[in-house]
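Peer 1: make a model of this:
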Amino acid sequence: MSLRRHAASAASLLAILVAAPVLAQPRPGAQPAQRGGIPKQDTPYILIPVLQSTDRVLGVTAADEIRSRFQSEHSAQELFVITKTNINNTLEASGYKPDSALNSADVMELAKQLRGEYVLEGKVNKTGTGNAVHLETRLLTKSGQQTLAQPLPAIDAKDVGDAAKQVEHVVSEALKGAPAYKLCRNDYMAQKYDAAIKDAQASIAAYPNSTLARTCLLMVYSQQKPAPDEVISVSEAILKNDPGSLLALGNAADAYMAKGDTTKGIEYTMKMWKADPTNQTIAKSIIQVLATSGSPEVAVPIIDTMLVQTPGDPEMLATKWKILLKAARAGNPKLWKPAITAGEELVKADSMAANLDYFQRQIGAAQSDNDVAKTQEIAAKAAQKFPKELSFQLLLAQMYLKAGQSQQAMAASRRAMDVDPKNTTAALLAMTAANNMNQPDTAMAIAQKAIASGASKDSLGQMLLSNAIPAFQKAQTSKERVDWEASLKAAQTVDGVAPSPQSKFFIAVSSFSIAADALTNAQKIQSKPKATKEEKAQACEEVKVAEDNFTTAQIAMPAGASVDKGAAGQIMQGIQTYSGYVPQFKKALACK
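Peer 2: Numbering: from 1, shown residues only. Okay, here's the model as predicted:
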């Protein structure tokens with residue numbers, strides 16, 4: 001949203017003055033307070049109220065002197081000076097003391113009641129010794145709902161009378177540009193933009209320091225969209241005389257942004273806010289501009305100021321949180337922690353803000369900040385509030401596993417499996433937790449259930465193999481038959497749930513090793529000169545074991561040969577060689 005649209009807020013109305021009666025101006029036949037008779041229909045009226053001052057009497061005296069000077073220097077038909085009597089009567093009718101020094105909003109409402117087109121607003125104070133005074137004044141006028149100001153040169157005078165003389169002179173100079181300014185304003189309202197530009201230029205020619213004419217130019221530019229440098233030139237000319245002009249600051253900020261000078265754009269944007277930090281309409285507009293800039297965090301002090309004015313405002317808290325997140329992502333990692341804190345403040349003020357998006361952003365911020373504890377804390381809250389959101393449960397399970405909290409990891413991963421029974425990641429996490437707690441049977445049961453629900457058999461089979469591998473490696477090292485039997489059992493268990501080349505290879509190697517050992521035992525018994533009947537029966541049992549395991553190995557190895565082709569070839573050759581001895585042993589031992 002353009003800052004220029006919020007550059008000048010409407011003055012607050014003085015409610016009690018609105019209801020006050022408008023006192024009559026001089027009538028035909030009445031003695032005028034000013035030379036030249038009565039004002040004409042189009043004569044401009046000027047209101048000169050009591051000036052602001054630390055010395056109340058001085059403020060009244062200075063206003064009286066200035067008013068008197070204007071009355072003596074101007075005809076009533078040229079510029080009518082609203083009389084002190086009318087000012088005081090209107091104030092008293094509204095419950096104000098006649099010596100009241102009003103604020104800008106109230107004095108403009110007073111001018112409205114008294115037909116004042118211009119208001120001389122200012123403050124006066126004594127300087128040094130004697131009667132010397134310092135004045136700062138400006139000419140105010142209305143344009144629609146906006147109050148526009150024409151700053152006037154500061155005045156140092158030897159006394160109030162001298163000050164009044166100088167003030168009248170600078171105001172008269174400023175009013176030389178007024179007729180052309182009025183034409184500019186009227187042509188602008190009639191959408192005669194080219195004519196309005198010429199009017200403004202004529203006004204500036206008549207009064208080179210005219211901020212009113214330049215303000216009219218900016219209003220025309222807002223419709224014509226000239227080059228940014230033209231807008232900047234006019235804005236800077238206004239700011240030279242009126243550094244606090246919100247309209248000029250807003251236009252300059254927009255123009256600098258339009259030409260790609262973000263640094264200057266932000267500089268003028270901040271000046272705009274500092275000129276009126278209590279105006280929330282302007283502040284919100286500025287925040288929107290800064291939020292899209294390369295340094296969005298610059299908006300945070302403005303938001304903090306607004307939060308002092310309206311503590312707990314959810315809109316501002318949400319804006320602050322998102323701006324800090326954006327700035328952190330843009331390359332300022334120091335802002336991750338403030339962003340997380342801002343998010344927490346948001347949900348304290350508005351519990352409804354703690355939605356899925358909120359938790360996802362907060363978790364992302366904590367992860368980016370490498371804050372494991374905070375990530376786990378946020379994930380736990382998210383999983384509790386949204387138990388059906390799979391991603392929260394999975395993240396929590398992973399974090400528990402990394403922290404060595406296997407029991408909690410098991411619970412979180414099982415919740416994830418409840419949400420999505422076929423989710424392979426959830427099953428793998430649960431199986432890992434089971435293995436960490438030395439519960440292989442539990443891991444097997446988890447795999448069986450997940451595969452039955454549609455989870456990846458290959459992935460879960462690889463996890464199950466992690467339980468079979470240690471048994472296989474132990475048997476390879478010890479060469480003991482009991483270890484080969486344990487390896488065979490583990491491999492067959494895995495193969496029954498998720499068969500793979502690896503499980504087949506383990507089965508083939510283990511069963512061949514068992515068969516070879518059994519055949520060796522049978523040979524030892526058979527070779528005894530006087531083997532007993534019991535020993536021969538035992539030998540027959542060993543032959544049967546060898547025969548069964550050779551068959552098992554012969555069936556499994558083709559499917560497992562890709563794991564180690566060299567070993568697979570040797571085993572297949574061994575099966576062919578040794579299995580040929582089985583019938584001979586059966587015959588020699590008279591096995592049934």
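Peer 1: strands along the protein, start to end?
Peer 2: Secondary structure of the chain, counting by DSSP state E: strands at 45-47, 80-81, 118-126, 133-143, 146-151, 155-157.
Peer 1: for the fourth one, which helices and strands make contact with it?
Peer 2: With contacts taken as 3 or more Cβ pairs under 8 Å, 6 or more residues apart in numbering; DSSP states H and E, strand 133-143 sits against helix 56-73, helix 104-113, strand 118-126, strand 146-151, strand 155-157, helix 160-175. Every residue, glycine included, has its C-beta placed from N, CA and C.
Peer 1: what mean pLDDT does stretch 132-149 have?
Peer 2: Confidence for stretch 132-149, expressed as mean pLDDT, is 93.
Peer 1: stretch 438-448 now?
Peer 2: Mean predicted lDDT for stretch 438-448 stands at 92.
Peer 1: can you give me the domain assignment for this protein?
Peer 2: 8-175, 294-364, 480-589 (automatic domain parsing).
Peer 1: make TSV out of those and add mean neighbour count and distance to Gln191.
Peer 2: Below are the domains of the chain laid out as TSV (neighbours: other Cβ atoms under 10 Å; distance: least, Cβ to Cβ, whole Å):
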stretch	mean neighbour count	distance to Gln191
domain 8-175	18	15
domain 294-364	18	35
domain 480-589	18	78
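Peer 1: mean pLDDT for those: which is lowest?
Peer 2: Taking the mean pLDDT of these, domain 8-175 comes last: a mean of 85.
Peer 1: how far away is Ala62 from Ala132?
Peer 2: Counting by Cβ to Cβ, to the nearest Å, the gap from Ala62 to Ala132 is 13 Å.
Peer 1: show me what contacts the residue nearest the centre of the chain?
Peer 2: In the chain, the centroid-proximal residue (Cα atoms, centre = their mean) is Lys322; its distance is 1.3 Å. Applying Cβ atoms under 8 Å, 6 or more residues apart in numbering to Lys322 gives the contacts Ala291.
Peer 1: cool, Ile287 as well?
Peer 2: Ala299, Ile302, Ile303, Thr319, Ile323.
Peer 1: OK, contacts around the fourth one?
Peer 2: Under the criterion of Cβ under 8 Å, 6+ apart, the neighbours of Thr319 are Ile287, Ala291, Ala299, Ile303.
Peer 1: same thing with the third one?
Peer 2: The neighbourhood of Ile303, defined by Cβ under 8 Å, 6+ apart, consists of Ile287, Met316, Thr319, Lys320, Ile323.
Peer 1: can we see that at 7 Å?
Peer 2: Ile287, Met316, Thr319, Lys320 (Cβ atoms under 7 Å, 6 or more residues apart in numbering).
Peer 1: which of the residues you listed sits closest to Gly260?
Peer 2: Among those, Ile287 lies closest to Gly260 (Cβ to Cβ), at 20.9 Å.
Peer 1: can you give me the distance of that closest one to Met316?
Peer 2: Ile287 is 8 Å from Met316, by Cβ to Cβ.
Peer 1: how about the contacts made by Leu346?
Peer 2: Pro314, Leu317, Ala318, Trp321, Ala353.
Peer 1: okay, and which of the residues you listed map to helices?
Peer 2: Pro314, Leu317, Ala318, Trp321 (DSSP state H).
Peer 1: and those residues as TSV, adding distance to Thr278?
Peer 2: Converted to TSV, the ones in helices among the contacts of Leu346 look like this (distance: Cβ to Cβ, whole Å):
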residue	distance to Thr278
Pro314	20
Leu317	19
Ala318	21
Trp321	23
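Peer 1: and those, which is closest to Gly580?
Peer 2: Trp321 (79.0 Å).
Peer 1: my read: that closest one touches Pro338, true?
Peer 2: No. The pair Trp321 / Pro338 is not scored as a contact, 9.4 Å apart, by Cβ atoms under 7 Å.
Peer 1: distance of the residue nearest to Lys504 when sequence neighbours are not counted relative to Ala491?
Peer 2: Of all residues not flanking Lys504 in the chain, Gly560 sits nearest, at 3.3 Å (Cβ to Cβ, 6 or more residues apart in numbering). Distance, Gly560 to Ala491, by Cβ to Cβ: 10 Å.
Peer 1: next one: Arg67
Peer 2: In terms of Cβ to Cβ, Arg67 sits 109 Å off from Ala491.
Peer 1: could you do Thr129 as well?
Peer 2: Separation of Thr129 from Ala491 (Cβ to Cβ) stands at 109 Å.
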